[in-house]
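Student: Build me a structure from this.
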Amino acid sequence: MVQIQAIKGFADHFQASSRLFEMMEATAREVFPRYGFGELRTPLMEYTDLFCRGIGTETDVVQKEMYCIQDSKGRSMSLRPEATAGVMRAYIENGVHAREAVSKFFTIGPMFRHERPQKGRMRQFHQINCECLGPKEPEADAEIICMMMEFLGRLGLKNLTLQINSLGCSTCRPQYRKTLHDWLAALDQDRLCPDCKRRMETNPLRVLDCKIPTCKELTAEAPVILENQCPDCKAHFDAVLRHLDAEGVPYQINHRLVRGLDYYTRTTWEVVSNEIGSQGSVAGGGRYDGLVEQLGGPAVPGIGFACGMERLGLLLEGREMPEVRPDFYVAVLDDACRDAAFGLAQNLRRAGFAGTMGYESRSMKATMRQAGKSNARFTLIIGGNEFASGTVIIKNMESGEQREVPMAEAAESLKSE
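Tutor: Numbering: from 1, shown residues only. All right, here's what the predicted structure looks like:
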């Protein structure tokens, strides 16, 4: 028979990588609630129209990367390519805006994009997202950036660069888009890549984000959006930077920094590392003041960010993790002892210990070899003699010392070690 393999771009995560993910998740659940964020779990699949309206029909995500299916009624549904649109849908549908002036959510889970798999970029990937809905003030921008940098710092990550920019608002960005479009139209169009030729008409700002060297060189002198801001956007961005300076959060202003999704406005940022190759972004976010209204909700401002867990995992590779050892291994030397061994293992678990029993009766030599492979701190040995006397031998696998105790007192004996 032909062996069935995993789908390209979809990875299995055994204990080593799973423990990294668990550590990231535990750190998120420790840091974010201190800023008032609570966890929200949204479906992996939504109606496709949500992403078309929320992300933008002209984005690469919607045009090229979504996994879509039709149900029996012909309705198009898609695996979520990002988390924010689903959070907005849940926020609007459940009327959260009517109950609280400020809502803060974080989500953790898989996303799906059909793109070329590469190191740190999978077709099923995992993200940690934070969304803050309600405040329009720059303090919210600075606070969420500070929280993100604290989270990354608590993971032990160093040599990260926070890049920041402002994309303007509905007042000043249309004029900047026209200015940028006219400037791009005057270039030698044959030197632009096909994607940039298309983006120039659909979303000129995305041209600034092109990674192709010839396009980057050709647009190096493009008009700068910070020089085309309205007074309100300038005051907002200046306040964000002032708060970051006050908190000692270093940053670089990147005039070419835009977001790949259409809903971003004003403050936008990325955190990049030079340790994981050309695809160095590990986190990014920004303000999206018109998104809730765009999806049929009230005019509620919002801001958020996402961290790619696979990207963070690349930076954490080789990091020494605390050793996880089982507390016990119950070694069975005789089939007649199996019921007693099973009951002993269950009693130890109820007492708070972690471990397993040897399911197969073996010789003493083979049993102890298996116990050593389990890496347990203690091996509890039950043979015919122990079963008859109602006792168990407890062996300390580090010191080699062993002693015989009544089986009913095994848990208390382990607690005293």
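
Student: Helices of the stretch 301-417 of the chain, residue ranges please.
Tutor: Ranges of helices in the stretch 301-417 of the chain, per DSSP state H, counting those that start in this stretch, are 309-316, 338-350, 364-374, 384-389, 410-415.

Student: hey, which of those helices is tucked in deepest?
Tutor: Burial of the helices of the stretch 301-417 of the chain is given as mean neighbour count (mean count of other C-beta atoms under 10 Å); helix 309-316 ranks first at a mean of 22. For glycine as for every other residue, the C-beta is placed from the backbone atoms N, C-alpha and C.

Student: what mean pLDDT does that one have?
Tutor: For helix 309-316, the mean per-residue pLDDT is 89.

Student: what's it packed up against?
Tutor: For helix 309-316, the packing partners by 3 or more C-beta pairs under 8 Å, 6 or more residues apart in numbering; DSSP states H and E come out as helix 15-31, strand 124-133, strand 281-287.

Student: Columns distance to residue 200 on top of the helices of the stretch 301-417 of the chain, output as JSON lines?
Tutor: Shown next, in JSON lines, are these (distance: least, C-beta to C-beta, whole Å):
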{"stretch": "helix 309-316", "distance to residue 200": "29"}
{"stretch": "helix 338-350", "distance to residue 200": "63"}
{"stretch": "helix 364-374", "distance to residue 200": "62"}
{"stretch": "helix 384-389", "distance to residue 200": "80"}
{"stretch": "helix 410-415", "distance to residue 200": "69"}
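
Student: Determine which of these approaches residue 403 most closely.
Tutor: helix 410-415 (8.0 Å; C-beta to C-beta).

Student: Show me how far the closest one is from its chain's centre.
Tutor: Remark: helix 410-415 is offset 40 Å from the chain centroid, using C-alpha atoms, centre = their mean, to the nearest Å.

Student: rewinding a little: with mean pLDDT and mean neighbour count as added columns, please give the helices and strands packed on helix 309-316 in TSV.
Tutor: Shown next, in TSV, are these (pLDDT from 0 to 100; neighbours: other C-beta atoms under 10 Å):
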stretch	mean pLDDT	mean neighbour count
helix 15-31	91	16
strand 124-133	96	23
strand 281-287	92	23
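
Student: Point me to the residue sitting closest to the centre of this protein.
Tutor: Nearest to the geometric centre of the chain sits residue 127, at 2.4 Å (C-alpha atoms, centre = their mean).

Student: Quick check: chain neighbours aside, which residue is closest to it?
Tutor: Leaving aside its sequence neighbours, residue 127 sits nearest to residue 306 (C-beta to C-beta, 6 or more residues apart in numbering; 4.8 Å).
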